[in-house]
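Here you go, sequence then predicted model.
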Amino acid sequence: MGVQLSGLFEPKVVEFKELAGKRIAIDAYNALYQFLSIIRQPTGEPLMDRDGNVTSHLSGLLYRNANLLEYGVLPVYVFDGAPPELKKGVVEGRVDTRLKAEERWKEALARGDLEEARIQAQASARLSRGILEDAKRLLGYMGIPVVQAPSEGEAQAAYMAGEKAVWAVGSQDFDSLLFGAPRLVRNITITGKRKLPRKNIYVNIVPELFDSETVLSDLGITREQLIDLSILVGTDYNPGGVEGIGPKKAYKIIRETGGIDVAVEKGLVRGFDYEPIKAFFMNPPVTDDYELSWKAPDEEGVVDFLCGERDFTESRVRKALEKIRAGIEKGRSQFSLDGWL
DNA sequence: CACTATAG
DNA sequence: CTATAGTGG
């Protein structure tokens, strides 16, 4: 989910070629959820091999990474570690929400309501152990770096961007800005036309760049104040936020008071235990134990896994691998190698 | 999501 | 060339 700050600041629309030669730390869970919810049949059923293993995410990873590499963008996938104590309740709540969505999916299917079935199926997507293992396996064969975060992947990715190990964080959520990422790119794993949920409207999705310095100076606040603002709106660690406060009101309060502490003192919001949340955003668990060097894809490894074990069509997989090879060649000749090699 | 085929 | 329908696994 992440913090809902949409509308507070404007993105800079970017083209993929502007990201050429850059490493982007992608929040793996965020990307996998996206693939698992979107890559489905009209009935809502995900793609599966003959044994019933879900393969939607493998399809998404293969083709999306082939496109990114073709553009000279090197993705680095950052996987979540143990969820922080602060998040326990939210995690359990989400499992429950997804199980309920699964029920509604089956019900909708039984009465032949395909539209509703698909909506509920999308909301029911969950990451199983096998799904995560398969994703890491495929990325390994593709030579794409995988980083294991000690806790929140978003925090680890933000840290790596701050250290200039990667150029930006790739995620749909704004949390990485709270964790101190200098840049955030949204819509890097979803592009093209997308149907708005529950509406018959299609919008064109393009990559959006948020530069932290620009965002903060436009708002006239500091990162710490953005964290305060977000806590008022609601984060993964205090879902719902303070009752009756949305992004606009929260912004006004922070601008007028300078911070949650003063806002509470002045009685603008009731007191609550926001300090641990603030401390977590300011100083989350991260690690320096990661390896970002790109390796040439093990093409036969990819083919053996996807075609031999997961029923992919070999010609399609080979075509994606060819794209990757072309991207690597282009990268070698056009970009300085230290950018992503 | 992306691929493939097909129609305009 | 773009748009859309159907499929992929």
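Noted; the coordinates are in hand.

Quickly find the element holding the residue lying closest to A:Val3 once chain neighbours are set aside.
Spatial nearest neighbour of A:Val3, chain neighbours left out: A:Ser230 (4.4 Å); criterion: C-beta to C-beta, 6 or more residues apart in numbering. All C-beta atoms are positioned from the backbone trio N, CA, C, and that covers glycine. With secondary structure defined by DSSP states H and E, A:Ser230 is part of helix A:223-233.

Pull out the buried residues from that helix.
Taking 16 or more other C-beta atoms under 10 Å as the neighbour-count basis, helix A:223-233 is seen to contain the buried residues A:Arg223, A:Glu224, A:Gln225, A:Leu226, A:Ile227, A:Asp228, A:Leu229, A:Ser230, A:Ile231, A:Leu232, A:Val233.

Ok, stretch A:313-324 next?
By neighbour count with 16+ other C-beta under 10 Å, stretch A:313-324 contains the buried residues A:Val317, A:Ala320, A:Leu321, A:Lys323, A:Ile324.

go on, stretch A:273-280?
Taking 16+ other C-beta under 10 Å as the neighbour-count basis, stretch A:273-280 is seen to contain the buried residues A:Tyr274, A:Ile277, A:Lys278, A:Phe280.

again with stretch A:303-312
Of the residues in stretch A:303-312, those scored as buried under the neighbour-count criterion (16+ other C-beta under 10 Å) are A:Val303, A:Phe305, A:Leu306, A:Cys307, A:Arg310, A:Phe312.

right, and A:Pro145 touches A:Trp294 too?
Yes - under the criterion of C-beta atoms under 8 Å, A:Pro145 is in contact with A:Trp294, at a separation of 6.6 Å.

Between the two, which contacts overlap?
Residues touching both A:Pro145 and A:Trp294 comprise A:Leu74, with contact defined as C-beta atoms under 8 Å, 6 or more residues apart in numbering.

burial count for the residue in the stretch 1-150 of chain A positioned nearest to DNA strand C?
When scored by C-beta to the nearest atom of the strand, the stretch 1-150 of chain A has A:Thr55 as its residue closest to DNA strand C, at 3.1 Å. Residues near A:Thr55, counting by other C-beta atoms under 10 Å, number 21.

Understood, closing this out.
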